[in-house]
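**Q** Need a 3D model of the sequence below.
(one chain, ligands or ions: 1)
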Amino acid sequence: MDSTLKVLAILKNSKNKFVSGENIAKELKVSRVAVYKIIKKLIQEGYKIEKHKKLGYKLIGSPFSPEDLLKKTKFLKEVVFLKKTTSTMELAKDILAKNPYSEQVLIIAEEQTSGKGRIERKWFSPKGGLYFSLIVKPNVLPYEVFMLNYVFSLSVAETIKDLYNVRVFTKWPNDVVDAYHRKICGILLEIDSEIDKVNYCIVGVGINVNINSKFFSKHKLKAISLSQIVGKNLDMTEFTVELFKRIEKNYKLFEEKKFDILTSRWVSHSSTIGRTIKVQTFTQTIKGTAVGISSKTGALIIKTPYGLKEVLSGDCIHLR
Ligand code: BTN
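**A** Predicted coordinates for the structure are as follows:
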C-alpha cells in the first residue's frame with residue numbers, strides 16, 4: 001500500500017478522532033514533514049481534514065467516489081460524474097440525444113449553475129448537496145410513472161432512517177422534509193412517452209446533504225441540510241451508495257407494479273396524510289383533509305365537503 005493510502009486508512013480507522021502527526025509518522029516510518037505533505041495532497045484531492053496544532057489530524061469528509069457507487073450497486077450501468085454543470089437534467093437529455101439506448105445511466109454533479117425545480121422554479125445547487133438525474137425506461141403505463149415520486153422520496157426517507165436513525169417525512173407529491181416542514185429533498189420527473197408506452201423518464205433528485213444553514217437563510221429558503229439534522233458532516237459516497245441500494249429495491253417493486261406496498265410505506269413516512277391541506281393544480285384549488293394515496297394511480301385522495309377528490313399533481317400546502 002502506498003503511503004497516501006496508509007495515511008488515509010489510519011485517519012479512517014480513527015473514526016472521528018484526532019491522530020497526531022507524530023503517531024502517523026511512527027507507524028509509516030517516515031518524517032512528520034512527509035506526513036504533512038501527504039495530508040496536503042489528500043486535501044487537494046478533496047478530503048476534508050481538520051488540523052489541530054496539538055492533537056494532529058481528523059478526517060471529516062471524503063470526496064465523492066463514482067467508482068465506489070458503480071461497484072457497490074448493481075442497478076446502475078454507468079455513472080457520469082461532474083464537479084460542476086448547468087443542470088443534470090439537461091445533461092441527461094444530451095446523453096439520450098447521442099445514445100437513445102441509454103438506460104439506468106446516472107448523471108451526478110457536485111454543483112449546478114442552473115438547477116431546475118418543479119413548475120419552472122429554480123433549484124439552488126451549491127456545493128455540499130447531492131444532485132443527480134437518472135435515466136430509466138420502465139415497462140409501465142405512462143400515468144403510472146407518477147409512482148416514481150414515491151419510489152424516490154420513500155428511498156430517501158428510508159436511507160436517512162437506516163443510516164442516521166433520524167425521522168424525516170415524505171410530503172406530497174415529491175418532497176422530503178423535517179419535522180418543521182423544512183425541505184431536505186425535491187424530485188423532478190421528466191417523461192417522454194407515447195399514449196401507451198414510456199420511451200424514457202428522467203428522475204431528477206436534489207438532496208441537501210452538507211449545505212451550511214447560512215446558505216438557506218441568505219436565500220430565504222425554507223430548507224435544511226441533513227448534516228444539520230444529524231449534527232455532523234456526512235460522507236457523500238456512503239449516503240449515495242446506501243440510497244441507491246434502497247432505490248434498487250423500491251424500483252423493483254415499482255416495475256413489478258406492487259404499488260400498494262410502495263404507497264403504504266410512503267404513507268407510513270408521510271406528513272401529509274391526515275392533515276388539512278390546500279392543493280393548487282393548474283386548473284383548481286382543492287381544500288380538505290388528505291386521507292390517502294390511490295395505489296392504482298398514485299393520486300392523493302382528499303376528503304372535501306363535496307365528497308372525495310383525487311389529484312395527480314399540484315402544489316400542496318399543509319394548513320393544520
Ligand atoms: C423540486 O422540488 O422542485 C424538484 C427539485 C429537483 C432538483 C434536482 S437537482 C438534480 C436535478 N437537476 C436539476 O436541474 N433538477 C433536479
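
**Q** how far is the helix or strand containing residue 205 from where the chain is centred?
**A** Here residue 205 sits within strand 198-207, counting by DSSP states H and E. Distance, stretch centre to chain centre, for strand 198-207: 12 Å (CA atoms, centre = their mean, to the nearest Å).

**Q** is it anywhere near the ligand?
**A** Yes - interface with the ligand: strand 198-207 contributes 204-206 (CB under 6 Å from any ligand atom). Glycine gets a C-beta too; all of them are placed from N, C-alpha and C.

**Q** got those residues as a markdown table, with pLDDT and neighbour count columns?
**A** Shown next, in a markdown table, are the residues of strand 198-207 next to the ligand (pLDDT from 0 to 100; neighbours: other CB atoms under 10 Å):
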| residue | pLDDT | neighbour count |
| --- | --- | --- |
| 204 | 98 | 25 |
| 205 | 98 | 23 |
| 206 | 98 | 24 |
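
**Q** thinking again about what came up before, following element in sequence after the strand holding residue 205, please.
**A** helix 213-218.

**Q** ok, residues contacting the next helix or strand after that next one?
**A** Later in the chain than helix 213-218, the nearest helix or strand by DSSP H and E is helix 226-230. By CB atoms under 8 Å, 6 or more residues apart in numbering, the residues outside helix 226-230 that reach it are 128, 160, 164, 166, 168, 178, 184, 207-211, 213, 233-234, 239.

**Q** May I have helix 226-230 as CSV, with CA atoms only?
**A** Coordinates of each C-alpha in helix 226-230 appear next as CSV, following Å, rounded to 0.1, in the frame of the first residue of the first chain:
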residue,chain,number,x,y,z
LEU,A,226,-29.1,16.6,6.6
SER,A,227,-25.8,17.5,8.2
GLN,A,228,-27.6,20.0,10.5
ILE,A,229,-30.2,17.4,11.5
VAL,A,230,-27.6,14.7,12.2
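
**Q** and the closest residue to the ligand within the stretch 101-250 of the chain, bridged to which residues?
**A** Of all residues in the stretch 101-250 of the chain, residue 186 sits closest to the ligand, at 2.2 Å by CB to the nearest ligand atom. Beta-bridge pairing of residue 186 under DSSP bridges involves residue 175, residue 206.

**Q** Repeat that for the one 4 residues further on.
**A** Here residue 190 sits in beta bridges with residue 202, as judged by DSSP bridges.

**Q** burial measure for it, as a count.
**A** 15 (other CB atoms under 10 Å).

**Q** Verify the stated contact: it with residue 201.
**A** Yes - between residue 190 and residue 201 there is a contact at 7.0 Å, judged by CB atoms under 8 Å.

**Q** mind listing the helices for the stretch 51-200 of the chain?
**A** 66-72, 88-98, 148-164 (DSSP state H, counting those that start in this stretch).

**Q** what comes up buried for the last one?
**A** Buried residues in helix 148-164, counting neighbours by 16 or more other CB atoms under 10 Å, are found at 148-160, 163-164.
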